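Novice: fold the following.
(2 chains)
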Protein chains: 2
Amino acid sequence: MPRLNHVAIVVEDLEAALPFFRDLLGLPLARVADAPAEQVRVAFFPMEGGEIELVQPTDPESGVAKFLARRGPGLHHICVEVEDLDGTLKRLREAGVQLIHESPLVGSDGTRYAFIHPRSAFGVLVELYERASGA
Amino acid sequence: MPRLNHVAIVVEDLEAALPFFRDLLGLPLARVADAPAEQVRVAFFPMEGGEIELVQPTDPESGVAKFLARRGPGLHHICVEVEDLDGTLKRLREAGVQLIHESPLVGSDGTRYAFIHPRSAFGVLVELYERASGA
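Specialist: Okay, here's the model as predicted:
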């Protein structure tokens, strides 16, 4: 069954946002890390019930930076885990859904992922993760 | 520890959105219900890792309808469960955080909840649920 992996929030300044999410809401900060391949810096709050991630763009030309400039800070995307990413993308494509990535990308930890265009997803930027087999 | 309870997506037409989320993404639709007190109709997709909810406004004067008119369909709010809602609201208020509800509301199932204004939450509309004791 699909699983909600995380919700991503775009912020201008990660350090400025941490006190609200960590200290006032009490969310459990696990780590802050640069993700140079995605041109962002990310704060991870893993929780029962899915992770919240704060994402700060580190390159003004990146997609996240352009989103921030256009819409301001706030909810950016949701990530849903699926078991068969290739099969899911095939099904979506055949239904005429616009994908941002026609073929899955591979993250630094080996996770295969792809994004669906919000135009085809009722305004929501949807990331699909392939769940590691056996996980 | 806080828990991500759900992510809400506002849509214009719930029936039109169901095929994408249920059939193409494969999310498990549990039920569709009217929530007259909140002036919305909601489709619930409970999942391991938190629930996704599609929310269609049913009254053009409601807050959700105004959000939809202003920003279009898309991610609307996240809901975080806390153990002590009164204590959390007190801490937030003392820190100068703007609350939409100064005192908790009570949902039809008895859940106590309140919203934080996105102005104080980096552009994110944050709902706080009080976890039922023993849950």
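
Novice: from now on I want contacts and neighbour counts done on CA atoms only, so please keep to that.
Specialist: Fine.

Novice: residue ranges of the strands in chain A, please?
Specialist: Using DSSP state E, the strands found in chain A span residues A:3-10, A:31-35, A:40-45, A:51-57, A:74-82, A:105-106, A:112-116, A:126-130.

Novice: compute the number of surrounding residues for the one residue in chain A that gets nearest to chain B.
Specialist: Residue nearest to chain B within chain A (Cα to the nearest Cα): A:Gly49, separated by 3.8 Å. Other residues lying near A:Gly49 total 22 when counted by other Cα atoms under 10 Å in any protein chain shown.

Novice: also A:Glu12?
Specialist: Look at A:Glu12: counted by other Cα under 10 Å, it has 19 neighbours.

Novice: same thing with A:Val97?
Specialist: Neighbourhood size, A:Val97 [other Cα under 10 Å]: 19.

Novice: near chain B, which residues of chain A?
Specialist: A:1-5, A:7, A:9, A:11, A:17, A:20, A:24-28, A:47-52, A:72-77, A:88, A:91-92, A:95, A:121-124 (Cα under 8 Å from any Cα of the partner chain).

Novice: hmm, 6 Å instead?
Specialist: Neighbours of chain B within chain A, by Cα under 6 Å from any Cα of the partner chain: A:Arg3, A:Leu4, A:Met47, A:Glu48, A:Gly49, A:Gly50, A:Pro73, A:Gly74, A:Leu75, A:Phe122, A:Gly123, A:Val124.

Novice: mind checking how far the residue of chain A most remote from its centre is from A:Thr88?
Specialist: Each residue of chain A has a distance to the centre, and by Cα atoms, centre = their mean the biggest one is for A:Glu94: 23.9 Å. Distance, A:Glu94 to A:Thr88, using Cα to Cα, to the nearest Å: 10 Å.

Novice: A:Glu130 versus A:Cys79, what's the distance?
Specialist: The gap separating A:Cys79 from A:Glu130 is 10 Å, by Cα to Cα.

Novice: what bridges to the closest residue to A:Glu12 other than its chain neighbours?
Specialist: Spatial nearest neighbour of A:Glu12, excluding adjacent residues (Cα to Cα, 6 or more residues apart in numbering or on different chains): A:Gln56 at 5.7 Å. Residues in a beta bridge with A:Gln56, per DSSP bridges, are A:Arg41.

Novice: so what's A:Gln56 up against?
Specialist: By Cα atoms under 6 Å, 6 or more residues apart in numbering or on different chains, A:Gln56 lies in contact with A:Val10, A:Val11, A:Glu12, A:Leu14, A:Val40, A:Arg41.

Novice: export those residues to CSV and tack on pLDDT?
Specialist: Output for the contacts of A:Gln56, formatted as CSV (pLDDT from 0 to 100):
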residue, pLDDT
A:Val10, 94
A:Val11, 92
A:Glu12, 92
A:Leu14, 91
A:Val40, 90
A:Arg41, 92
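
Novice: columns distance to B:Val64 on top of the residues you listed, output as CSV?
Specialist: Below are these laid out as CSV (distance: Cα to Cα, whole Å):
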residue, distance to B:Val64
A:Val10, 22
A:Val11, 23
A:Glu12, 26
A:Leu14, 28
A:Val40, 31
A:Arg41, 31
